[in-house]
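Colleague: Have a look; sequence and predicted model below, questions after that.
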Amino acid sequence: MSKNLIIKAVKFENGFKLIANNGDEPCEGRLFDTRKKAYEACDFMYNNLTWQGRKVKSGYRIKID
């Protein structure tokens, strides 16, 4: 049974940082100018043959085993 991990774009003073619900930072602290750019980075990293991910209302959801 696969589980899901939710990644959210969290607002900081200078931009948005991606933070997963398990506390990991998929982009290692990189800041993005907009929330849209942050989620585009998720789509680039996690929507491929290895990972299955997509934008959802609560953030970006990826399937993990």
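Modeller: Structure's in. What do you need?

Colleague: The longest strand along the chain pairs with which strands?
Modeller: If you go by DSSP state E, the chain has its longest strand at strand 3-12. Using DSSP bridges, strand 3-12 pairs in its sheet with strand 15-20 (antiparallel), strand 59-64 (antiparallel).

Colleague: Please enumerate residues in contact with it?
Modeller: The contact list for strand 3-12 (C-beta atoms under 8 Å, 6 or more residues apart in numbering) reads 16-22, 26, 31-32, 35, 38-39, 42, 56, 58-65. C-beta: built from backbone N, CA, C; applies to glycine.

Colleague: Over to stretch 30-46?
Modeller: 7, 9, 11-12, 14-18, 26-27, 51-55, 59-60, 62.

Colleague: how about 6 Å then?
Modeller: For stretch 30-46, the external contacting residues (C-beta atoms under 6 Å, 6 or more residues apart in numbering) are 7, 9, 14-18, 53, 55, 60, 62.

Colleague: just the buried members of those residues?
Modeller: Buried residues within those, counting neighbours by 16 or more other C-beta atoms under 10 Å: 7, 9, 15-18, 53, 60, 62.

Colleague: re the thing from before, ok, the contacts of stretch 30-46 vs N47, which is closest?
Modeller: Of all the contacts of stretch 30-46, G53 has the smallest distance to N47: 5.2 Å, by C-beta to C-beta.

Colleague: Not including adjacent chain positions, what is the nearest residue to that closest one?
Modeller: Distances taken as C-beta to C-beta, 6 or more residues apart in numbering place Y46 nearest to G53, at 3.3 Å, with adjacent residues excluded.
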